[in-house]
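Engineer: Predicted model and sequence below, questions to follow.
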Amino acid sequence: MSSSEDAKLGLNATWSMAVGGMVGGGIFSVLGVVVSLAGGLAWLSFAVAGLIALATAVSYVALADELGEGGGAFTFLRTFNHESLAASLSWVLIVGYVLTMSVYAFTFGHYLGEVLGLGPLAVRVAAVGIVAALVVVNLRGVGDSARLEIVAVWAKLAVLFMLAAIGLWRFDSANLGAGVPTGDLGGVIVGAASVFMAYEGFQLLTYDYDDIDHPERTLRRGVLSAVVVVIGVYVVVALGAASLVGAGTIVEQKEVALAAAGREALGTAGLVGVSVGAVFAAASAINATLFATARLVRRVADDGELPAAAASVNQAGIPDRAVIALGVTAGAVAVIGSLATLVEAASLTFLMTFAAVNVIAARRAPDHRLVSWTGAVGAGLAAIVLGVRLLMTRPLALALLVAMVLLATLGRRRLLARVARSD
């Protein structure tokens, strides 16, 4: 690979980063949550959430193309005269991404523990260890991160398609809802909203716009095709896994649900194969999220919403202090955090963000207005559904999110006040 190729992300790497950002936090982490809510219709929850994500992906790409630069939701809001909202949202998004990386690390540790027979302490150590390793990888530069992503994505997709193929070959419709309440439309909607973080990873590529080769063409092809593929993967794996072991088993073993399905499919070989795939999935998702979030931090710092030190870059042009700070925080949260609470709080954060971006795209990108309004309505309704669910069943998660918004806003105001006094 030439030096110029090392410096830019081509179509394969862009697609791989998008898929890696989604699948690592998706089917391996949240299948049990969806099945517990939607029963035998869990596959439909993934499809509904995926369609909202696809509409939102169209909006993200359209806005990135119009601006001709990266930055994601923060840049879109700031450019189109929503500076106060953009600044507060940027702080919330950074925290949301940290929570998301902690979920991926949690998943990594549990699947590794399942295949190696590790105890609870070792599982936590493994979660911290993978974050630390990927901090080092990201500090080396774009080329190393992209190469890791390509290898990891194709490995985990091979494992998932194998599992889905065996499950569908042995298809047993009775197992889809066995051991759980009968699924209904309400469960499908709540399930889709609760695990929306399974799809948030595609938009990370808009932060990497300047690192993509011919982004006006590559970003659209890579991101939209990645979302379509991931929808298909989630649907067939949800069907195949439930067919193999039954919905009740998936819920009971939700932290390592696909490992149980792999064991049923191919015995010990299946357990090992799926667990290794999950380890790759979680690692690539951490990699993709860390890669993009560090660039968001640098952009926010360049705009004066974070201390200037956060924009520091090393000799490879990587925002090193941001990478290290994000990694340390994500590792710590992975050790002390509650998985279910973090998943649902993160999902609500991204739903609100996606609704805002879709509204902007509907106003600024008329060629895709209908798609963008569809995404805005879908994400907005899902956010309301999830907010009500959190209020009723997980008030601590909702309190965490509210506190996060308030602290972000307060922190921004204090920072700006200090900057004004220093001037």
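Structural biologist: All right, it came through fine. All values derive from a computational prediction rather than experimental measurement. Numbering: from 1, shown residues only.
Engineer: burial of residue 393, as a residue count?
Structural biologist: If you count neighbours by other CB atoms under 10 Å, residue 393 ends up with 13. In this view, the C-beta of every residue, glycine as well, is placed from N, C-alpha and C.
Engineer: can you tell me how far it sits from residue 42?
Structural biologist: 18 Å (CB to CB, to the nearest Å).
Engineer: Point out where the stretch 51-200 of the chain drops to low pLDDT.
Structural biologist: Scanning the stretch 51-200 of the chain for pLDDT under 70 picks out the ranges 69-71, 80-88, 141-149.
Engineer: residues making contact with the helix or strand where residue 379 lies?
Structural biologist: Per DSSP states H and E: residue 379 is located in helix 369-393. With contact meaning CB atoms under 8 Å, 6 or more residues apart in numbering, helix 369-393 is reached by 49, 51-52, 55-56, 58-59, 62, 189-190, 192-194, 196, 344-345, 347-348, 351-352, 354-355, 358-359, 361-362, 365, 397-398, 401.
Engineer: For it, could you pull out the residues that count as buried?
Structural biologist: By 16 or more other CB atoms under 10 Å, the buried positions in helix 369-393 come out as 371-380, 382-383, 385-387, 389-390.
Engineer: How about stretch 170-185?
Structural biologist: Going by neighbour count (16+ other CB under 10 Å), the buried part of stretch 170-185 is 175-178, 180, 183.
Engineer: out of those residues, which one sits closest to residue 38?
Structural biologist: Nearest to residue 38, judged by CB to CB, of the buried residues of stretch 170-185 is residue 183 at 4.8 Å.
Engineer: Ramachandran angles for the closest one?
Structural biologist: Per-residue torsions, residue 183: phi -70, psi 150 (degrees, to the nearest 10).
Engineer: Do I have it right that residue 356 meets residue 77?
Structural biologist: Yes. Residue 356 sits in contact with residue 77 when judged by CB atoms under 8 Å, with a separation of 6.9 Å.
Engineer: Show me which of the two is the more surrounded one.
Structural biologist: Legend: neighbour count by other CB under 10 Å for residue 356 and residue 77, higher for residue 77 (23 against 20).
Engineer: Could you identify the helix or strand that succeeds the helix or strand hosting the more buried one?
Structural biologist: Element membership of residue 77 [criterion: DSSP H and E] is helix 72-79. Once the chain leaves helix 72-79, the next helix or strand it forms, by DSSP H and E, is helix 83-116.
Engineer: The very next helix or strand once past that following helix relative to helix 83-116, how many degrees between them?
Structural biologist: Reading on from helix 83-116 to the C-terminus, the next helix or strand found by DSSP H and E is helix 120-140. Counting by axes from the mean of the first three to the mean of the last three CA atoms, to 10 degrees, helix 120-140 lies at 130 degrees to helix 83-116.
Engineer: now whatever helix or strand comes next after helix 120-140 and helix 120-140, what's the angle there?
Structural biologist: Using DSSP H and E, the helix or strand that follows helix 120-140 in sequence is helix 142-169. Counting by the same axes, to 10 degrees, helix 142-169 points 130 degrees away from the direction of helix 120-140.
Engineer: So residue 186 lies in a helix, does it not?
Structural biologist: Yes. Membership of residue 186 in a helix is supported by DSSP: H, G, I helix; E, B strand; the rest coil.
Engineer: neighbours of it, just the number please.
Structural biologist: For residue 186, the neighbour count with other CB under 10 Å is 11.
Engineer: again, but for the one 4 residues further on
Structural biologist: When neighbours are defined as other CB under 10 Å, residue 190 has 21 of them.
Engineer: Go ahead and confirm it touches residue 34.
Structural biologist: No. Look at residue 190 against residue 34 with CB under 8 Å: they stay out of range, at 9.5 Å.
Engineer: So residue 276 is in contact with residue 159, correct?
Structural biologist: Yes. Using CB under 8 Å, residue 276 makes contact with residue 159 at a distance of 7.2 Å.
Engineer: Compare the two (neighbour count), which wins?
Structural biologist: residue 159 (22 against 18).
Engineer: Over to the nearest residue in space to the more buried one that is not next to it in sequence. Which of the three states is it?
Structural biologist: Closest residue in space to residue 159, ignoring its immediate chain neighbours: residue 277 at 3.1 Å, by CB to CB, 6 or more residues apart in numbering. Three-state call for residue 277 (three-state DSSP): helix.
Engineer: If anything else comes up later, I'll come back, but that's it for now.
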